[in-house]
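Trainee: Fold the following for me, if possible:
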Amino acid sequence: MLEIAENGRTWVLSGPASSYALHLTDSGELLHLHWGARIALADAEALAVRPLPDYWPFESQLDGREEYPVEGGPRFVRPALSVRTPERRGTEWSFETYDTEGDELRLRFRDGGLALTLHYRTRDDVVERWVTLDNQGTEPLELLRADSATWTLPDREDGWRLSQLHGRWAAESVLTQTPLTYGEKVIGSRRGHTGHQHLPWVALDTDATEERGEVYGTALGWSGSWRIAVAQLPDARVQITGGAGYDDSGLLLLAAGESFTTPVFAGLWSDGGFGGASRAWHAYQRAYVIPDADRDRPVLFNSWEATTFDISEEQQGSLARRAAAIGVELFVVDDGWFGTRTSDRAGLGDWAPNPDRFPGGLKPLGDYVHALGMQFGIWVEPEMVNPDSDLYRAHPDWVQYQEGRKRTEFRNQLILNLAREDVQEYLWEQLDTLLSSAPIDYVKWDFNRCFTDAGWPGEPYPQRLWVDHVRGFYALLDRLRAAHPTVAFESCSGGGGRIDLGVLSRTDQVWTSDNTDPLDRLAIQHGFSQIHPARVMAAWVTDSPNTQLNGRVSSLRFRFVSSMAGVLGVGGDLSEWTEEELAEAGEWVELYKKIRPVVQRGDLYRLRPPRGGQSAVQYVLGDETVVLAWLQSQHYGEPVPALRLRGLDPTASYECLETGEVHRGAVLLHHGLRTGLRGDLDATVLRLRRI
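Mentor: Take a look at the predicted model:
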């Protein structure tokens, strides 16, 4: 809901539980008024007449209070906008007007030929903000920095605590929480993609628990380099500023008549603790971000860990038969099906099936997989090229490189410059032909190395490739989805290196991490769930001992229950599984299909974090509840404590489908449910149905 004061200078955007308010002063300063619990327009107008703080030497009265601080004028905080022309640097803007379209508010400003529009929109209790910059002048202007938003937190007596998700390859999305101190805390990626090191999300609180207290969170929808800065200013005010690009060395050069729209930077306030905030983020993404989120994702099998590069049509068909027998619904051929791809040293860029391995192309295998009752999927890495490929030999200038410098290779590959229109058109033709040549239902889109030599010889403004590569990637995905609307896409980047609201608006799920160890995955999935829902979180059951990382031995039970917390997949070598293991796997897959709607569409409650001992998550959808519980280790033979459930009706009764026992809701909420776990690496699934 959007409310506007009669004088047209105070605006309040409200969701079911929260409000966001801002005000334009008589002198044209756009000030932040409120972000938090829901307020009325009259409350915002009362805040608007409060004066700015008294003059204080060496400080600005605007700092920490301005809605979108720009470079220039009486400001010292980090600017959200930095513009350079041949004559000057900085912005001196003036308000022109505001307008609305539906539930979207647009505030329009101008600095000479630069038109600047601030956009606001509420999606339930999530506030979406972004900025449009139009060069309406006659000369080019350079955007050194164009952030999507600056968020201002209210004054609080207690100190703020910062939550973030950090990591590296195979250890993504680790939750860490630290007291916020004076100065700036900056996270981001200068790697050209979202990155394994940080997810573009931060949350701040003063005393919140999992289910109680105020939490302020922000999340950026951008799949390239990015930066979020959290600043505690000298007067203890806190602001969060973020957007595309990592530094201020140059983002884009806008020619006369050109415009740039920043990615969405979304914000959420919740008084339901970190759990309440997560459930609100999840509901927002299912309702407004993720394509076809009401359609549950199928159980998949992926061939990578079973076969690596040594694949053939006959071998894949054999794996497909075994996968179908245990109830798999989507069979995916991973790396190695194309070009001369017998290792990671060759073939990237040549997206045609290897004629020795697939003499008739992919269609015969796809038809066979369909005949087995499964969908058919493939792996691609379109933005990359091996020097040993037909594409690179024909177009060595199509990659990112610096003239006169060695072309750095990671994983024996280089990055195609997707900012180039000819590269975009080549990839469109290759992928459109591929998706038209076989009954392909699913594409795992990988991105296995970071930007290094991000040069573009001959381009007048080469640094634009950092932005335009991502825009080219988005445009290619959008075009392919429009042309092949039944094909689902998964975002992968060496695991969890490209996960954000921007890529999630164009893909159906994400590969959370290359780490498939079921115990490690519990911590990764715990962090991931702070912002993203189980509906997009792909998780595989692989072989034991774990071959990818640590050699850990675990039961099929523990591996399946760990992976059932998201979108279930199987990635082990089924040709080596015993008949007993295959039969057990079939039972787990059948159980997952029963709980899938609750897991993928239900409200998530993190009952206990994975810090050793027992951990558990709970999903609630209507009258159905699912609890997944794990025990890392039991000490001294002591019984594992009961799990206090959440989200239930205390006056109702619930039947446990596993035991037939009937429990009162109040008892489950206050005294808990016994899981029966014992020993090391044990796990269980418990289903409850409201009677």
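Trainee: how much distance is there from the helix or strand of the chain with the lowest mean pLDDT to the middle of the chain?
Mentor: None of the helices or strands of the chain scores lower by mean pLDDT, DSSP states H and E than helix 304-307, at a mean of 94. Chain-centre distance of helix 304-307: 26 Å, with CA atoms, centre = their mean, to the nearest Å.
Trainee: Output the next helix or strand after it as CSV, nothing but the C-alphas.
Mentor: Going down the chain from helix 304-307, the next helix or strand is helix 313-325, by DSSP states H and E. C-alpha atoms of helix 313-325 as CSV (Å, rounded to 0.1, in the frame of the first residue of the first chain):
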residue,chain,number,x,y,z
GLU,A,313,25.6,-43.1,-24.8
GLU,A,314,25.4,-46.8,-23.7
GLN,A,315,26.8,-46.1,-20.2
GLN,A,316,24.4,-43.2,-19.7
GLY,A,317,21.5,-45.4,-20.7
SER,A,318,22.6,-48.0,-18.2
LEU,A,319,22.7,-45.4,-15.4
ALA,A,320,19.3,-44.0,-16.6
ARG,A,321,17.7,-47.5,-16.1
ARG,A,322,19.0,-47.7,-12.6
ALA,A,323,17.9,-44.1,-11.8
ALA,A,324,14.4,-44.7,-13.2
ALA,A,325,14.1,-47.9,-11.0
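Trainee: Pick out the residue nearest the middle of the chain.
Mentor: Compute the mean C-alpha point of the chain, and by CA atoms, centre = their mean the closest residue is Asp500, 2.7 Å away.
Trainee: got a list of what the residue nearest to that one when sequence neighbours are not counted touches?
Mentor: In space, and not counting its chain neighbours, Asp500 is closest to Thr194: 4.8 Å by CB to CB, 6 or more residues apart in numbering. Where C-beta positions appear, they are placed from N, C-alpha and C, glycine not excepted. For Thr194, the contact set (CB atoms under 8 Å, 6 or more residues apart in numbering) comprises 200, 222-224, 226, 493, 497-500, 503.
Trainee: Give the buried subset of the residues you listed as a ChimeraX selection command.
Mentor: Buried members of the contacts of Thr194, defined by 16 or more other CB atoms under 10 Å, are picked up in ChimeraX with:
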select :200,222,223,224,226,493,497,498,499,500,503
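Trainee: Could you list which of the contacts of Thr194 belong to helices?
Mentor: Judged by DSSP state H, helices contain the following of the contacts of Thr194: Val503.
Trainee: now, among the contacts of Thr194, which is nearest to Ile440?
Mentor: Nearest to Ile440 out of the contacts of Thr194 is Val503 (CB to CB; 19.9 Å).
Trainee: hang on, isn't the closest one packed against Pro200?
Mentor: No. Taking contacts as CB atoms under 8 Å, Val503 lies outside contact range of Pro200: 10.8 Å.
Trainee: residue ranges with poor pLDDT in the stretch 451-600 of the chain?
Mentor: The stretch 451-600 of the chain contains no residues with pLDDT under 70.
Trainee: Going by residue numbers, what spans are strands in it?
Mentor: 488-491, 509-511, 537-541, 567-570 (DSSP state E, counting those that start in this stretch).
Trainee: CSV for those, including mean neighbour count?
Mentor: Formatted as CSV, the strands of the stretch 451-600 of the chain follow (neighbours: other CB atoms under 10 Å):
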stretch, mean neighbour count
strand 488-491, 24
strand 509-511, 25
strand 537-541, 25
strand 567-570, 26
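Trainee: would a markdown table of those with distance to Phe376 be doable?
Mentor: As requested, the strands of the stretch 451-600 of the chain are exported to a markdown table (distance: least, CB to CB, whole Å):
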| stretch | distance to Phe376 |
| --- | --- |
| strand 488-491 | 11 |
| strand 509-511 | 16 |
| strand 537-541 | 17 |
| strand 567-570 | 15 |
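Trainee: closest to Gly613 out of those strands?
Mentor: Per CB to CB, nearest to Gly613 of the strands of the stretch 451-600 of the chain: strand 537-541, 21.4 Å.
Trainee: Distance from the closest one to the middle of the chain?
Mentor: Worked out by CA atoms, centre = their mean, strand 537-541 lies 15 Å from the chain centre.
Trainee: mind listing the strands for the stretch 201-350 of the chain?
Mentor: So, for the stretch 201-350 of the chain - with DSSP E, counting those that start in this stretch - the strands run 215-220, 226-232, 238-244, 252-254, 259-261, 265-270, 300-302, 330-333.
Trainee: Lovely, talk soon.
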